[in-house]
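Novice: no sequence on this one, just coordinates:
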């Protein structure tokens, strides 16, 4: 997980705090999903945990985009495009979860362990560095 980030203030909110808080919450939701599967807590609980993980991820993207939009230069279209692409994948996964398809849960785990983890650990760190650099 990301180390403590620098504290760039945008509209009274520390971007590093947003990122750290959201990343911890997303990781916790992922752990809840894994626990529900391993402990065999039932399809309703597993799907509920999957939906929680998707919702936490979507809220994280909104928080980041709010910070990007608050920046005077607003030159973050590349990072927003990453969010849009991932939300497309999460939309398909959410549909599977709504249809109570266990394949949606498996897709979500694969998505988290691959694409989303990379985004949280690498791309968000680069975003924070970019925000800081542009503010100096």
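Specialist: Cool, got the structure. All figures in this text were calculated on a predicted structure; none of them were measured in a lab.
Novice: when you work out contacts or count neighbours from here on, use the C-alpha atoms and nothing else.
Specialist: Will do.
Novice: can you say which helix or strand has the nearest residue to residue 83 once chain neighbours are set aside in it?
Specialist: Nearest residue to residue 83, sequence neighbours excluded (C-alpha to C-alpha, 6 or more residues apart in numbering): residue 61, at 6.4 Å. Assessed by DSSP states H and E, residue 61 sits inside helix 43-70.
Novice: for the helix or strand that comes right after that helix, name the packing helices and strands.
Specialist: With elements assigned by DSSP H and E, the helix or strand that comes after helix 43-70 is helix 77-98. Counting contacts by 3 or more C-alpha pairs under 8 Å, 6 or more residues apart in numbering; DSSP states H and E, helix 77-98 packs against helix 43-70, helix 102-111.
Novice: dump the ones you listed to a markdown table, plus mean neighbour count and distance to residue 86.
Specialist: Listed next are the helices and strands packed on helix 77-98 as a markdown table, based on neighbours: other C-alpha atoms under 10 Å; distance: least, C-alpha to C-alpha, whole Å:
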| stretch | mean neighbour count | distance to residue 86 |
| --- | --- | --- |
| helix 43-70 | 19 | 9 |
| helix 102-111 | 18 | 9 |
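Novice: who are the neighbours in contact with the spatially most central residue of the chain?
Specialist: Geometric centre of the chain, nearest residue: residue 57, 3.4 Å, by C-alpha atoms, centre = their mean. When contacts are counted by C-alpha atoms under 8 Å, 6 or more residues apart in numbering, residue 57 touches residue 26.
Novice: try it again at 10 Å.
Specialist: With contact set as C-alpha atoms under 10 Å, 6 or more residues apart in numbering, residue 57 has these partners: 22-23, 25-27, 29, 51, 63, 83, 86-87, 90, 112, 116, 120.
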